[in-house]
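Visitor: Need a 3D model of the sequence below.
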Amino acid sequence: MNRVELEIVNLSNSVSQAQNYAVVLKERRGHRRLPIVIGSCEAHSIAIAMERMYPGRPLTHDLFKNALETFHIELREVVINNLLDGVFYARLVCVHQGEVFEIDSRTSDALALAVRFECPIYTYEFILDAAGIVFPEMEEEEDEPQAQVSQRGPGSSAPAGRINLNALESYSDDDLERYLKEMIEREDYEAAARVRDELRRRKTS
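Guide: All right, here's what the predicted structure looks like:
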């Protein structure tokens, strides 16, 4: 079967399923998109890795990555290998001491690990034919993948009105650095990303 390499291009709230999210993958050499609905915990885990954020304590996918690396196991690639009754299936292709082996995985977990290991993501033509969306009029995009997770993770809370995310330019660098640390501790990664981007903008302007 012909394999197709994919990349994550978007992560946002699912329009069709409340409280869930949609991760959108795009074939690297084409215009088809493959949207996959995933849970909120996995969405936040993917968003954290995409935004290069580092929580104080390892999340589940960070722990699994650390465990694989401790035992010198390489995650070579992720393959979305099947689609049955609307459910995507995936495999982790790993290498240990020259031996290649595969591990069954939920697709959302596989994607969260692929982002962390920066390994390729593949699927098959029959899956794209069945669930892909074609945009023939679109030109090749050069934008960076974007994580747009707008709901807060489990146990998180807003900064109690202490910062106005729509007026970040009115705060000092020290204030923003403090709020950034606080938001990461609260697991409010969407707000943390906006503060981080404002700090980066100031450094480059």
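
Visitor: which residues of this structure fall in strands?
Guide: Along the chain, counting by DSSP state E, strands occupy 3-13, 21-27, 32-38, 74-84, 87-96, 99-106, 121-124, 133-134, 146-147.

Visitor: which residues are in contact with the second one?
Guide: In this case it means strand 21-27. Outside of strand 21-27, the residues that reach it under the criterion Cβ atoms under 8 Å, 6 or more residues apart in numbering are 4-16, 32-40, 42-43, 46, 108, 111, 121, 123, 128, 132, 141, 149. In this view, the C-beta of every residue, glycine as well, is placed from N, C-alpha and C.

Visitor: residues near S12, how many?
Guide: Neighbours of S12 under the rule other Cβ atoms under 10 Å: 17.

Visitor: if we can go back for a sec, tell me which of the strands of the chain sits nearest to A191.
Guide: Of all the strands of the chain, it is strand 146-147 that lies closest to A191, at 12.9 Å by Cβ to Cβ.

Visitor: now that closest one: mean pLDDT?
Guide: Per-residue pLDDT values across strand 146-147 average out to 56.

Visitor: Select the helix or strand of this protein having the lowest average pLDDT value.
Guide: For the chain, the helix or strand with the lowest mean confidence is strand 146-147, at a mean of 56 (criterion: mean pLDDT, DSSP states H and E).

Visitor: quick one on the thing from earlier: would you turn the strands of the chain into TSV with distance to E185?
Guide: Putting the strands of the chain into TSV (distance: least, Cβ to Cβ, whole Å) gives the following:
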stretch	distance to E185
strand 3-13	22
strand 21-27	22
strand 32-38	25
strand 74-84	29
strand 87-96	31
strand 99-106	28
strand 121-124	31
strand 133-134	38
strand 146-147	19
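
Visitor: which one of those has the lowest average pLDDT?
Guide: Out of these, strand 146-147 stands lowest, with a mean of 56 (criterion: mean pLDDT).

Visitor: who's in contact with A43?
Guide: The contact partners of A43, taken as Cβ under 8 Å, 6+ apart, are L11, N20, Y21, V23, S108, V149.

Visitor: Check the spacing between the residue positioned nearest the centre of the chain and E27 real quick.
Guide: When the chain is reduced to its mean C-alpha position, the nearest residue by Cα atoms, centre = their mean turns out to be I46, at 2.7 Å. Relative to E27, I46 is positioned 19 Å away (Cβ to Cβ, to the nearest Å).

Visitor: Have a look at this structure and report its longest helix.
Guide: As far as residue count goes, and with DSSP state H defining each element, the longest helix of the chain is helix 189-204.

Visitor: care to break the chain down by domain?
Guide: Annotated domains of the chain cover 3-147, 165-204 [automatic domain parsing].

Visitor: got a markdown table for the contacts of A43, with neighbour count and distance to E69 too?
Guide: Putting the contacts of A43 into a markdown table (neighbours: other Cβ atoms under 10 Å; distance: Cβ to Cβ, whole Å) gives the following:
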| residue | neighbour count | distance to E69 |
| --- | --- | --- |
| L11 | 22 | 25 |
| N20 | 16 | 30 |
| Y21 | 26 | 27 |
| V23 | 28 | 24 |
| S108 | 22 | 21 |
| V149 | 23 | 26 |
